[in-house]
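**Student:** sequence? don't have it. structure:
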């Protein structure tokens with residue numbers, strides 16, 4: 001009985017598992033390994049979120065989702081808000097990501113230009129110039145600081161202690 005119900009909520013591809021829960025999500029894929037995938041998403045209420053999708057013997061299945069209002073996690077001139085997903089991922093948005101980078105304990109966060117990744121959606125929304133940034137580690141509790149750094153000069157624009 002368990003295997004029948006489990007197979008009905010598992011999917012052939014990770015994005016199918018996500019869209020089965022909510023068709024209106026705009027998906028931002030980051031990576032896919034043979035047994036896990038990380039997606040960010042934007043919902044129809046302008047929330048940015050993260051979700052891991054795992055593969056089991058029946059197919060792909062979503063894990064828990066975390067999200068925040070896009071407006072509450074944008075970094076402009078100062079290190080602003082961010083969202084934590086589980087114990088491993090911290091993420092947020094920033095303006096001017098072509099000239100700036102978020103550093104997490106002196107390690108650059110991965111940045112994704114939403115305008116390039118989602119050209120059609122960016123045109124209809126106000127996502128132009130926005131970059132998603134994220135950092136993944138085994139344990140966020142060891143992190144101490146987040147910094148906003150100018151890419152060309154390596155000058156620190158702002159720094160903030162990290163607390164989860």
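**Tutor:** Noted; the coordinates are in hand. Computed from a predicted structure; not experimentally measured.
**Student:** how about low-confidence regions in this protein?
**Tutor:** Along the chain, the model assigns pLDDT under 70 to residues 1-8.
**Student:** how about the residue nearest to the spatial centre of it, secondary structure?
**Tutor:** Geometric centre of the chain, nearest residue: residue 40, 4.2 Å, by Cα atoms, centre = their mean. What DSSP: H, G, I helix; E, B strand; the rest coil gives for residue 40 is strand.
**Student:** Kindly provide the distance from it to residue 118.
**Tutor:** 11 Å (Cβ to Cβ, to the nearest Å). Every C-beta, even on glycine, is put in place using the N, C-alpha and C of the backbone.
**Student:** Spell out which residues are contacts of both of these two.
**Tutor:** Common contacts of residue 40 and residue 118 (Cβ atoms under 8 Å, 6 or more residues apart in numbering): residue 28.
**Student:** Would you confirm that the residue nearest to the centre of the chain contacts residue 50?
**Tutor:** Yes: with contact defined as Cβ atoms under 8 Å, residue 40 counts as touching residue 50 (5.3 Å).
**Student:** so what's in contact with these two at the same time?
**Tutor:** 91, 134.
**Student:** all strands of this protein, in order?
**Tutor:** 26-32, 36-42, 47-56, 59-69, 74-75, 83-85, 89-95, 100-104, 107-108, 110-113, 130-136, 145-150, 156-161 (DSSP state E).
**Student:** Which elements pack onto the third one?
**Tutor:** Counting by 3 or more Cβ pairs under 8 Å, 6 or more residues apart in numbering; DSSP states H and E, the packing neighbours recorded for strand 47-56 are helix 14-21, strand 36-42, strand 59-69, strand 83-85, strand 89-95.
**Student:** now do 7 Å
**Tutor:** helix 14-21, strand 36-42, strand 59-69, strand 89-95 (3 or more Cβ pairs under 7 Å, 6 or more residues apart in numbering; DSSP states H and E).
**Student:** Sort out which residues of stretch 123-142 are buried, please.
**Tutor:** 127, 130, 131, 132, 133, 134, 135, 136, 140 (16 or more other Cβ atoms under 10 Å).
**Student:** Correct me if wrong: the first one contacts residue 116.
**Tutor:** Which is residue 127. No: using Cβ atoms under 7 Å, residue 127 makes no contact with residue 116, being 10.6 Å away.
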